[in-house]
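Participant: sequence below, structure please.
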Amino acid sequence: MKAIILAGGRGKRLRPITDYVPKPLIPIKNIPIIEWQLKYLKKFGIDEVIICTGYKQEMIESHLNAKKIGIKIKYSIENTPLGTGGAIKKAGKLIKDKSFFVINGDTITNIDLRKLSTQLNSIASVELRTNFGVLETKDDKIIKFKEKKEISNLWMNAGIYHLQKNILLDLPAKGDIEKTVFPDYAKKGKLHIVKFKDVKWYSVDSFKDMEECALEVDKIIK
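Facilitator: Residues are numbered from 1 along each chain as shown. Predicted coordinates:
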């Protein structure tokens, strides 16, 4: 199987770090995010990865070229931002397989790709989690306080997809897959969900995310 990593964004929420290095090279426990991702993909038998790069792409290539990752890496370079849909459309031309995985460049997780691969044109999903403490009440009293509770039966996009090659024909040359093809496929009953309960999942989009992920990453990706 092949996989596409969407790693072309500027990571503005992590400035000023991303003024100097691209987001995929931000270290979590002294290892860049993209290395954690490659290790994760390799674990599930991915033998080739296409990395969609744009912002400071030469730094990403230089870093990975100096490493012995043990997985074949190709690059799909965006001279101007194409959005997730445009990036997948361009990178997908390098893939000959009938299907492939896509992962957002800031996602660190232990979601089982073997389970995701059982459904074509599918989105991996995890239960929605609050970012704030949840209060359980009775009358006018608080009886329990919970931090970041998972909300049952509300599912969120985990940023990992298993897509058929022919989806490339429907993708825009520029634009996000989440705003174009996915809503259209959902209306037509062509989009599937694969639900994952009790998994570790982080979208590294803030300094707090970095701190929390660093506490767990060794357990997430072994």
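Participant: which elements pack onto the helix or strand of the chain with the lowest mean pLDDT?
Facilitator: Sorting the helices and strands of the chain by mean pLDDT, DSSP states H and E puts strand 141-146 at the bottom, at a mean of 74. Counting contacts by 3 or more C-beta pairs under 8 Å, 6 or more residues apart in numbering; DSSP states H and E, strand 141-146 packs against strand 134-138. Bear in mind the C-beta positions are built from the backbone N, C-alpha and C, glycine included.
Participant: ok, the strand it packs on: who's next to it in the sheet?
Facilitator: Here strand 134-138 is paired, per DSSP bridges, with strand 141-146 (antiparallel).
Participant: surely residue 44 touches residue 111?
Facilitator: No - using C-beta atoms under 8 Å, residue 44 is not in contact with residue 111, being 9.5 Å away.
Participant: these two: which has the busier surroundings?
Facilitator: A count of neighbours by other C-beta atoms under 10 Å puts residue 111 above the other of residue 44 and residue 111, at 22 against 15.
Participant: center of the protein - which residue?
Facilitator: The residue lying closest to the centre of the chain (C-alpha atoms, centre = their mean) is residue 104, at 2.6 Å.
Participant: which stretches in the chain count as strands?
Facilitator: Ranges of strands in the chain, per DSSP state E, are 2-6, 27-28, 31-32, 48-53, 72-77, 99-104, 107-109, 122-129, 134-138, 141-146, 150-164, 192-196, 201-203.
Participant: in JSON lines: those strands, plus distance to residue 178.
Facilitator: Converted to JSON lines, the strands of the chain look like this (distance: least, C-beta to C-beta, whole Å):
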{"stretch": "strand 2-6", "distance to residue 178": "11"}
{"stretch": "strand 27-28", "distance to residue 178": "25"}
{"stretch": "strand 31-32", "distance to residue 178": "25"}
{"stretch": "strand 48-53", "distance to residue 178": "15"}
{"stretch": "strand 72-77", "distance to residue 178": "19"}
{"stretch": "strand 99-104", "distance to residue 178": "10"}
{"stretch": "strand 107-109", "distance to residue 178": "14"}
{"stretch": "strand 122-129", "distance to residue 178": "9"}
{"stretch": "strand 134-138", "distance to residue 178": "27"}
{"stretch": "strand 141-146", "distance to residue 178": "30"}
{"stretch": "strand 150-164", "distance to residue 178": "7"}
{"stretch": "strand 192-196", "distance to residue 178": "14"}
{"stretch": "strand 201-203", "distance to residue 178": "13"}
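Participant: point out the most buried one among these.
Facilitator: Sort these by mean neighbour count, taking mean count of other C-beta atoms under 10 Å, and strand 2-6 sits at the top with a mean of 26.
Participant: got the angle for that one vs strand 72-77?
Facilitator: Here strand 2-6 runs at an angle of 40 degrees relative to strand 72-77 (axes from the mean of the first three to the mean of the last three C-alpha atoms, to 10 degrees).
Participant: C-alpha coordinates for strand 2-6, CSV please?
Facilitator: Extracted in CSV, the C-alpha atoms of strand 2-6 (Å, rounded to 0.1, in the frame of the first residue of the first chain):
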residue,chain,number,x,y,z
LYS,A,2,1.0,3.6,-0.6
ALA,A,3,0.2,6.7,1.5
ILE,A,4,0.1,10.4,1.0
ILE,A,5,1.1,12.8,3.8
LEU,A,6,-0.4,16.3,3.6
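Participant: nice, that's everything, thank you.
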